[in-house]
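**Student:** Generate coordinates for the sequence data below:
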Amino acid sequence: MGTTQLDTVPEPKYWHLKTVLSEALDSDFAVGEILPNERELAARFGVARATLRQALEQLELEGRLQRRRGVGTTVAPPRVGVDVGTSQHGWPGAAGDTWQPVDCTSAVPPAAVARMLGGDSGNSGDEVHTVRRIRVTHGQPVAAELLYVPAASVPDLAAIESPSGAARARSVLRELQRLAMEGQDRAVELGSARADDAKELDRLPGAPVLVVTTRYFAEGGTAAVSVATYRADTCRLTFGDSGDLEISHHTQERRAS
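**Tutor:** Numbering: from 1, shown residues only. I've put the predicted structure just below:
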């Protein structure tokens, strides 16, 4: 489609180009195929490179494209559902949990997390157990999590155990499950990948991400806070009949129609 045709449409050029590109992805490109460079694409569709970039960014946000460091822009595979709904009512690390423990350290949590753990005044700078976990599907990292657990939530954690590492992380998760959970709440927001998140998820810094923050309640207070960062190029939010939150991620096989 040329510039003249794009000039006649009432919607923004980049938005109409996004639709045209989406159709081209379905008909002219295979999953995983690397797209031509911006100069070639702009010439092919008769648009300015700035307009093309806007369209490509929107397609990446919608999960149709993936930008991979050292590779370029590729056609993303389709999505299938991954349930992260609150209907499970389970602690992190419980049976069936798909997250993999990576490390555990003691550190002062961010101010926002401290407020959730200790009320409006925060937790006075106290260090908490910080468990780092990753979620891998079909060999691809789709999410990274930091789970903040105050010492009061796991009082029987053995002091002689390793002060860090995956073994320590599993110990914290195991002790957390001794508590009787009273509930949980969840908030979701769109954000940009920080440098550490981007490295762990094999994305570029500033890439779009979905940040899912979960509070776990026990013994009349907040027993733990999870901040999970999902790749927005491979994940999307869906809501089932129950209203529970789900996240869908890309896999290499198309869902049967």
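
**Student:** Next up, the contacts around G93.
**Tutor:** Shown in contact with G93 (CB atoms under 8 Å, 6 or more residues apart in numbering): W99, P101, R170, L173, R174, L176, Q177. The C-beta positions use only the backbone N, C-alpha and C, and glycine is treated the same way.

**Student:** Nearest spatial neighbour of the fifth one, chain-adjacent residues omitted?
**Tutor:** Of all residues not flanking R174 in the chain, G93 sits nearest, at 6.8 Å (CB to CB, 6 or more residues apart in numbering).

**Student:** Then the second one?
**Tutor:** Take P101 and drop its neighbours on the chain: the residue closest to it by CB to CB, 6+ apart is A169, 3.7 Å away.

**Student:** burial count for that neighbour?
**Tutor:** Other residues near A169 come to 27 when the count uses other CB atoms under 10 Å.

**Student:** I'd like to know how far it sits from V108.
**Tutor:** Separation of A169 from V108 (CB to CB, to the nearest Å): 18 Å.

**Student:** How about the secondary structure of P205?
**Tutor:** Following DSSP: H, G, I helix; E, B strand; the rest coil, we place P205 in the coil state.

**Student:** which residues does it contact?
**Tutor:** S192, A193, R194, A195, A198.

**Student:** ok, and what's touching stretch 156-172?
**Tutor:** When contacts are defined by CB under 8 Å, 6+ apart, stretch 156-172 is touched by residues 93, 101-106, 129, 131-133, 147, 149, 151, 154, 175, 178.

**Student:** That one: which residues count as buried?
**Tutor:** L157, A166, R168, A169, S171, V172 (16 or more other CB atoms under 10 Å).

**Student:** Helix or strand: which one has the closest residue to the last one other than its chain neighbours?
**Tutor:** With sequence-adjacent residues excluded and distances taken as CB to CB, 6+ apart, V172 is closest to H129, at 4.9 Å. When secondary structure is defined by DSSP states H and E, H129 falls within strand 128-137.

**Student:** in that strand, what's buried?
**Tutor:** By 16+ other CB under 10 Å, the buried positions in strand 128-137 come out as V128, H129, T130, V131, R132, R133, I134, R135, T137.

**Student:** average pLDDT for stretch 218-235?
**Tutor:** Averaged across stretch 218-235, pLDDT comes to 88.

**Student:** Of the contacts of G93, grab the buried ones for ChimeraX.
**Tutor:** In ChimeraX, a selection of the buried entries from the contacts of G93 looks like this (16+ other CB under 10 Å):
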select :99,101,173,176
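
**Student:** if you look at the contacts of G93, which of them are in strands?
**Tutor:** Taking DSSP state E, the ones among these that sit in strands are W99, P101.
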